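[1] Sequence plus predicted model, see below.
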Amino acid sequence: MVERRLLVFMLWVGVALVTGSEINCSSELIEAEYGEAVTLPCHLQPPQDATDMKVKWSHGPLNHTVHQYQDRRDDPGEQKELFKGRTLLFHDRLTEGNLSLKLSSLRLSDTGKYTCSFHTETLQSSCYIELTVGESDVIGSHIPVKAVVGDHVILPCHLEPPFDVKTLTVEWKRNKTHVHTYRHRKDDPSIQAENFKGRTSLFREEMTRGNISLKLTNVSELDAGNYTCHVPKLHSQVKRGNVTLIVEQVDNGTGNRSNHSGDPGTAAKIGISSGVIVAIIVAIIGAIIGAIIGGVLWRKRKCGERGWRGCHRVDREETRETSQEDSPERVQLNDLQNGS
């Protein structure tokens, strides 16, 4: 063990003496998201021209060749198939001792340890970098979105961590109804439900940052319900997010709002309340009509065979007699009679 450490130290000293530099990699874990690009830093310190050196990047315990540079050019001969077309060495910075590698279109299998090494005719030196490739999840909203009939509304949905989805398919549905579909870098209205046509849009400039929120214009009560944003080809366990839209109807008479969330239970409750109100109104109207009919029947019995005109004459005579009884002369006469 001591002999091995001594050998490594002597090799490092030899490299430093011959090249005047040592190779350095980042000691921090490099984290990146699926589909993104990342630069794995590696350089000679102090800076030294590496144009005439052999530079090699390898991956994993089997040291699969990721990228190789020699004889002043890239050499893809030994490159592993899964890395082809995805690696880049910065040739214009080799004169500064920059051996960093850019790796594009990251895959989950790219996770692991990478070795950066340079070779001369007599020496070789290496350093190591750990890369972790993660996944982005689709995030909706746990808080319901409220809107008034006729308003424009935004249903929030995004990828966390942020991830460019411009090349992927994005689907919005309300239950099983197709609300909006984006594929092949453009909107696809071919399967869109008729009542949503011309009223939906995505924020194209924000999609590179993982924003897939939906804008819905001219909201109606029929729009209320549960919406799902879906990225079917996303390499993640969470490909869907949910948003609930509640549509409020404003009563012009009272200024109060009634909510519509698309929930059958809510609709049933609204129907029951409306039925009770209607029953009460019908009962009041029935009572009024009954009172009117009762009054008419009572008056008819009172008038008997006299008919309506005779009944009116009786009423006038009774009214006249009452007025005479209450007159001052009648009252005085009654007092004289009582005194005698």
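    Now that the structure is in, tell me what you want to look at.
[2] pLDDT weak spots in the stretch 1-150 of the chain?
    Counting by pLDDT under 70, the stretch 1-150 of the chain has low-confidence residues at 1-20.
[3] Recalculate using a threshold of 50.
    Scanning the stretch 1-150 of the chain for pLDDT under 50 picks out the ranges 1-2, 4-18.
[4] just the helices in this protein please.
    Shown for the chain, the helices assigned by DSSP state H span residues 2-19, 264-303, 307-325, 328-339.
[5] Domain map for this structure?
    The record, using automatic domain parsing to delimit domains, assigns the chain the ranges 8-134, 137-268.
[6] could I get those as TSV with mean neighbour count and distance to I293?
    Quick note: C-beta positions are derived from backbone N, CA and C, even for glycine. Shown next, in TSV, are the domains of the chain (neighbours: other Cβ atoms under 10 Å; distance: least, Cβ to Cβ, whole Å):
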stretch	mean neighbour count	distance to I293
domain 8-134	16	80
domain 137-268	16	32
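[7] Dump those domains to CSV, plus distance to V282.
    Formatted as CSV, the entries for those read as follows, by distance: least, Cβ to Cβ, whole Å:
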stretch, distance to V282
domain 8-134, 64
domain 137-268, 21
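[8] I'd like to know which of the ones you listed is closest to A291.
    Nearest of the domains of the chain to A291, taken as Cβ to Cβ: domain 137-268 at 28.6 Å.
[9] gap between that closest one and the chain center?
    Once both centres are worked out by Cα atoms, centre = their mean, to the nearest Å, domain 137-268 turns out to sit 7 Å from its chain's centre.
[10] ok, the residue positioned nearest the centre of the chain - contacts?
    In the chain, the C-alpha closest to the average C-alpha coordinate belongs to C157, at a distance of 2.1 Å (Cα atoms, centre = their mean). By Cβ atoms under 8 Å, 6 or more residues apart in numbering, C157 lies in contact with 138-141, 212-214, 229, 241, 243.
[11] Likewise for T200?
    If you count contacts by Cβ under 8 Å, 6+ apart, T200 has them with 172, 179-180, 192, 214-217.
[12] bridging residues for it?
    Under DSSP bridges, the beta-bridge partners of T200 are L216.
[13] now I246
    When assigned by DSSP bridges, I246 has beta-bridge partners K146.
[14] picking up where we left off before, show me the two of the contacts of C157 that sit farthest apart.
    Set against one another by Cβ to Cβ, those have their most distant pair in I139 and L214, with a gap of 13.9 Å.
[15] Now do the same contact list for V38.
    Taking Cβ under 8 Å, 6+ apart, we find V38 in contact with 30, 32, 102-103, 106, 131.
[16] Just give me the closest of the residues you listed to Q45.
    Top of the list for closeness to Q45, among the contacts of V38 and by Cβ to Cβ, is I30 at 18.7 Å.
[17] Apart from its neighbours in sequence, what residue is nearest the closest one?
    L131 (4.8 Å; Cβ to Cβ, 6 or more residues apart in numbering).
[18] residues in contact with that neighbour?
    29-32, 38, 40, 103, 110-114.
[19] same thing but at 10 Å, please
    Residues counted as contacts of L131 (Cβ atoms under 10 Å, 6 or more residues apart in numbering) are 29-32, 38, 40, 59, 103, 106, 110-114.
[20] Mutual contacts of I139 and L214, please.
    Shared contacts of I139 and L214, counting by Cβ under 10 Å, 6+ apart, come down to 156-157, 229.
[21] partners of V138 in the sheet?
    V138 has these beta-bridge partners by DSSP bridges: L159.
[22] Which of the contacts of L131 fall in strands?
    The members of those that map onto strands under DSSP state E are 30-32, 38, 40, 59, 103, 112-114.
[23] all strands for the stretch 101-250 of the chain, in order.
    101-103, 112-119, 124-134, 137-139, 145-148, 153-155, 158-160, 170-174, 177-183, 186-187, 200-202, 214-216, 225-230, 240-250 (DSSP state E, counting those that start in this stretch).
[24] Any regions of the stretch 151-300 of the chain where pLDDT drops low?
    Scanning the stretch 151-300 of the chain with the threshold set as pLDDT under 50 gives 263-274.
[25] repeat that for 70
    Judged by pLDDT under 70, the stretch 151-300 of the chain has its weakly predicted residues at 251-279, 296, 298-300.
[26] Could you find the closest non-adjacent residue to Y114?
    Of all residues beyond its chain neighbours, the one nearest Y114 is I129 (4.8 Å), with distances taken as Cβ to Cβ, 6+ apart.
[27] hmm, I was thinking of D164
    Nearest residue to D164 in three dimensions, chain neighbours excluded: T208, at 4.6 Å (Cβ to Cβ, 6+ apart).
[28] what's the answer for R86, then?
    Nearest residue to R86, sequence neighbours excluded (Cβ to Cβ, 6+ apart): S104, at 4.8 Å.
[29] what residues are up against the one you found?
    Taking Cβ under 10 Å, 6+ apart, one finds 35-38, 83, 85-88 in contact with S104.
[30] from those, which is closest to Q68?
    Out of those, the one with the shortest distance to Q68 is T87. That distance is 9.5 Å, counting by Cβ to Cβ.
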